[in-house]
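[1] Task: produce atomic coordinates for the following.
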Amino acid sequence: MDTIAKIRQKAASNLKTIALPEYEDKRVIEAVSIIEKERLANVVLLTKDKIDSALKEKYMQEYFELRKAKGIDMDFVRKLFDDPLYYAAMMTRFGEVDGYVAGAARTSADVARSAIHCLGIEKRISIASSCFIMVVPNCPYGDEGTFVYADCGVIPEPNSRQLACISLATAELARKVLNLSPRVALLSYSTKGSAEGKSINKVGEALELLKEMSPDLVVDGEFQVDTAIVPEVAKIKYPDSPVGGKANILIFPNLEAGNIGYKLTQRLANARALGPLLMGLNKPCSDLSRGCSVEDIVDCVAVTAIRAQ
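    Have a look, this model is predicted:
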């Protein structure tokens, strides 16, 4: 069974309720019919008739209390909640639904902001970030072509501690959603000191922090990407690594590299890219690329449902 089929099967095994606020997008409407047909989740498509005025007032008051220290007023909040995106986020906060998925018609910044403000940051992880599940056809690397890439959508220039937190959150997501045994590679333009530079030092510091945070995690770096995923290259460049040539989780040094990397993989290798899946929050939420397909929406809902199980 391939990775996508496994994700859908796992979602269907324990149905969760997921809100979709982009009710006017034709792709979302089509995705809802597939989700319902395959029984992957209970979907709440937030059309105008699904917005409860009393609940909306409650949500707005809660949002105001959460954010008033930032200088907002109720006029600002009411304007914000004209968009059902924030209604979906507060439904998730209050447990009316188990998670939400948006981004087909909104920017990643809009979706991430709604999630961070309404769901809050998980204290243990301490930062919000994102990852993509990448499924590459006819690929011998990773886990039979399955990888998780991070961070590709939130933190532009993560410092060493943030890189360590991103790595830990990504490994935990891979375990829960994909049942993978994480093998984490911290990527760079250098392999174990083959070059010098400030960003290389940052990756090395992140590795040491990550080993302190999670001693049992299989992780190594810094690695050039070929050393991380190609066994023959790893044998030449760094043969003693527990990760070299076998990585299934790729942690990029910054957002530019991560975003470029996932889109190159998606387009040149005809890979499925599920995400951005937002991490480090108190409740599950998934963003979507505005160029997403109907199938991408279906599978992001399935992943979000699994994370809520």
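
[2] and A247, how many residues sit next to it?
    By other CB atoms under 10 Å, 31 other residues sit near A247. Yep, even glycine has a C-beta here, placed from its N, CA and C like the rest.

[3] Which strand or helix spans it?
    A247 is part of no helix or strand, with elements assigned from DSSP states H and E.

[4] so where's the longest helix in this structure?
    Ordering each helix of the chain by length in residues (DSSP state H) puts helix 160-178 first.

[5] which strands and helices sit next to that helix?
    helix 3-12, strand 129-135, strand 146-150, strand 183-187, helix 198-213, strand 249-251, strand 272-279, helix 294-308 (3 or more CB pairs under 8 Å, 6 or more residues apart in numbering; DSSP states H and E).

[6] Tell me the confidence at M1?
    For M1, the pLDDT comes out at 67.

[7] Same question for T227.
    You'll see T227 listed with a pLDDT of 96.

[8] Am I right that it is in a helix?
    Yes - counting by DSSP: H, G, I helix; E, B strand; the rest coil, T227 is found in a helix.

[9] Could you list the alpha-carbon positions for the longest helix of the chain in CSV?
    Only the C-alpha atoms of helix 160-178 are listed here, as CSV (Å, rounded to 0.1, in the frame of the first residue of the first chain):
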residue,chain,number,x,y,z
SER,A,160,20.1,26.9,16.0
ARG,A,161,17.5,26.4,18.8
GLN,A,162,14.7,26.9,16.4
LEU,A,163,16.2,24.4,14.0
ALA,A,164,16.4,21.9,16.8
CYS,A,165,12.7,22.5,17.7
ILE,A,166,11.7,22.2,14.0
SER,A,167,13.5,18.9,13.8
LEU,A,168,11.9,17.5,16.9
ALA,A,169,8.4,18.6,15.8
THR,A,170,8.9,17.1,12.4
ALA,A,171,10.1,13.8,13.7
GLU,A,172,7.1,13.5,16.0
LEU,A,173,4.7,14.3,13.1
ALA,A,174,6.4,11.7,11.0
ARG,A,175,5.9,9.1,13.7
LYS,A,176,2.3,9.9,14.3
VAL,A,177,1.1,10.4,10.7
LEU,A,178,3.3,8.0,8.7
